[in-house]
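Engineer: A predicted structure for the sequence below; I have some questions about it.
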Amino acid sequence: PFLVVLGTSEETIRKVMERTVSAKSAIELWGMGKTHQELLASLKPQSEHIRQLCHPESSFKITIHTFNKTLQYNERLQRIESLDVLPFNGRVDLKNPDHNFFLLEDYGLDPNNVPTDPLCLYFGRWLVDGQRDLLRSYSVKTRHFIGNTSMDAGLAFIMANHARVQPGHLVCDPFVGTGSLLVACARFGAFVMGSDIDYNTIHGLGKASRKNQKWRGPDENIRANLRQYGLEQLYADVLVSDASRPIWRPHQLFDAILTDPTAPYGIRESTRKIGSYGENGKVPDDVADNHIPDSREYHLSDIFVDLLNFAAEYLVNGGRLVYWLPVFRPDYTEEIVPRHPCLKLVSNCEQMLNSQSGRRLLTMQKIKDFEEVDRYAHMQDVRQNPYKGHNAFRDKYFSGLTKERARECE
């Protein structure tokens, strides 16, 4: 729960905390130990520093924070009083202090086996809070327009940080859905746009995903979501488009591409692309304007090939692609991660969904200009492709889920 970062300046820490939703606070570490005696011993060299900060004209506050254990009031008071050996000469101000000091106690991660004494103690001066408030203010629960697969606000902000989204960037989600990723990127000042093959989702039509609401309202759309957060001026556009057939002329257009291309991996929604099982006849001119093309299944293996080619062709050099890759955990190896000659893998993070399945958040950076020959690089890849076939991951997901439930019933 507590991460010690060494060799980083306060200025850098403040810049990180301006963006992160993963960290609650940054504390300047002054001392640590496995017991209170060790902690106090490690704080003695800081006595002069404390004396300079907590002079008689200043105010301070000491906050006790425990992880995996709740302390009674008298226990908290006892810990504060044990710090009286340190030269806190200022006055106590619990509401608006000049300096806020934290005593942190770590009692491990197992709530069923909480130790009597802390595993480690830390003491330091509060510097700055992170952006955890964004998780509440941008929660999908209070969002105007949502769908079955709307991305959690916290994950959306994490993806935006992985993509290094900055004010003035142009960001695209080629599988935009209800636009959760666009909201997060717009919050960081980027102009946002996206596309999706689902006409009803793009236009805010059809059945609602909310409980006790049958149909979507006339103003339920992605633009309304940005308007809800005061970000409408950063809305470029969204359009109905097939991601397997890019509509853009060849150009380095986007600073970042963020997407969940297979949400939710064929489990709750299907993945589709334009195509017909029979012969394609010409659409008569008198109905062409209102014609909606046939669609067919879109294999996961094809989705990743198309996505990486799209990013390689339309990202600026140095731009980033951030997307989710579903994995069947017993079969996962780094060998199955899609590759492209124009893109370098920067990070690969796992989110467990259950014991059998999960997904990897992959961040790739464009390192060279796209050439037409790069479009077919996947054909030379001799690695095994576990995503071949429309329901490859879906079948493994439900197979693993069935086995897991069977073990629980034994």
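Structural biologist: That came in fine, so what should we check first? Numbers count the residues shown, from 1 in each chain.

Engineer: Tell me how many other residues surround Leu345.
Structural biologist: 14 (other CB atoms under 10 Å). In short, each C-beta sits where N, CA and C put it, glycine included.

Engineer: what's the spacing between it and Thr259?
Structural biologist: The gap separating Leu345 from Thr259 is 16 Å, by CB to CB, to the nearest Å.

Engineer: same check, this time on Asn225
Structural biologist: As judged by CB to CB, Asn225 and Thr259 stand 17 Å apart.

Engineer: Who are the contact partners of the closest residue to Pro218 other than its chain neighbours?
Structural biologist: By the measure of CB to CB, 6 or more residues apart in numbering, the closest residue to Pro218 outside its immediate chain neighbours is Gly204, 7.8 Å from it. Gly204 is in contact with Phe145, Arg216, Gly217, Pro218, Asp219, Glu220, Asn221, Ile222, Ala224, counting by CB atoms under 8 Å, 6 or more residues apart in numbering.

Engineer: What strand or helix carries the fifth one?
Structural biologist: Which is Asp219. According to DSSP states H and E, Asp219 maps onto no helix or strand at all.

Engineer: Can you get me a residue count around it?
Structural biologist: 11.

Engineer: do the same with the fourth one
Structural biologist: Neighbourhood size, Pro218 [other CB under 10 Å]: 9.

Engineer: what about Pro45, distance to Phe88?
Structural biologist: 16 Å.

Engineer: Counting neighbours, go ahead and name the busier of the two.
Structural biologist: The neighbour count for Pro45 versus Phe88, taken as other CB under 10 Å, is higher for Phe88 (19 against 10).

Engineer: Which phi and psi values does that one adopt?
Structural biologist: Dihedral angles of Phe88 (phi, psi; degrees, to the nearest 10) stand at phi -80, psi 100.

Engineer: first to last residue in stretch 211-218, what's the distance?
Structural biologist: 17 Å (CA to CA, to the nearest Å).

Engineer: Distance from the chain centre to that stretch, please.
Structural biologist: How far stretch 211-218 lies from its chain's middle: 28 Å, per CA atoms, centre = their mean, to the nearest Å.

Engineer: in it, what's buried?
Structural biologist: Arg216 (16 or more other CB atoms under 10 Å).

Engineer: do stretch 130-145 as well
Structural biologist: Gly130, Gln131, Leu134, Tyr138, Val140, Arg143, His144, Phe145.

Engineer: Tell me the one among those nearest to Gly33.
Structural biologist: Using CB to CB, the shortest approach to Gly33 within the buried residues of stretch 130-145 belongs to Gly130, at 25.5 Å.

Engineer: what's near enough to touch the closest one?
Structural biologist: Counting by CB under 8 Å, 6+ apart, Gly130 touches Met17, Thr20, Val21, Ser22, Ala23, Lys24, Ser25, Ala26.

Engineer: Name the nearest residue to it, ignoring sequence neighbours.
Structural biologist: Spatial nearest neighbour of Gly130, chain neighbours left out: Ala23 (4.3 Å); criterion: CB to CB, 6+ apart.

Engineer: Now do the one you found, the pLDDT please.
Structural biologist: Note for Ala23: predicted pLDDT of 96.

Engineer: how many neighbours does it have?
Structural biologist: Neighbour number of Ala23 under other CB under 10 Å is 17.

Engineer: contacting residues around it?
Structural biologist: Contact analysis of Ala23 by CB under 8 Å, 6+ apart lists Leu3, Val16, Met17, Gly130, Arg132.

Engineer: Go again with 10 Å.
Structural biologist: By CB atoms under 10 Å, 6 or more residues apart in numbering, Ala23 lies in contact with Leu3, Val5, Ile13, Val16, Met17, Val128, Asp129, Gly130, Gln131, Arg132.

Engineer: and the second one, what does it touch?
Structural biologist: Think Val5. Here Val5 is in contact with Thr12, Ile13, Val16, Ala23, Ala26, Leu29 (criterion: CB under 10 Å, 6+ apart).

Engineer: before we move on, back to that, quick one: which of the contacts of Gly204 is nearest Ala160?
Structural biologist: Lowest distance from Ala160 to those (CB to CB) belongs to Ile222, with 15.9 Å.

Engineer: From Gly147, how far out is the closest one?
Structural biologist: From Ile222 to Gly147 the distance is 10 Å (CB to CB).

Engineer: residues shared between the contacts of these two?
Structural biologist: Counting by CB under 10 Å, 6+ apart, the common neighbours of Ile222 and Gly147 are Gly177, Thr178, Gly179, Ser180, Thr201.

Engineer: Need phi/psi at the first one.
Structural biologist: What that stands for is Gly177. Taking degrees, to the nearest 10, you get phi 60, psi -130 for the backbone angles of Gly177.
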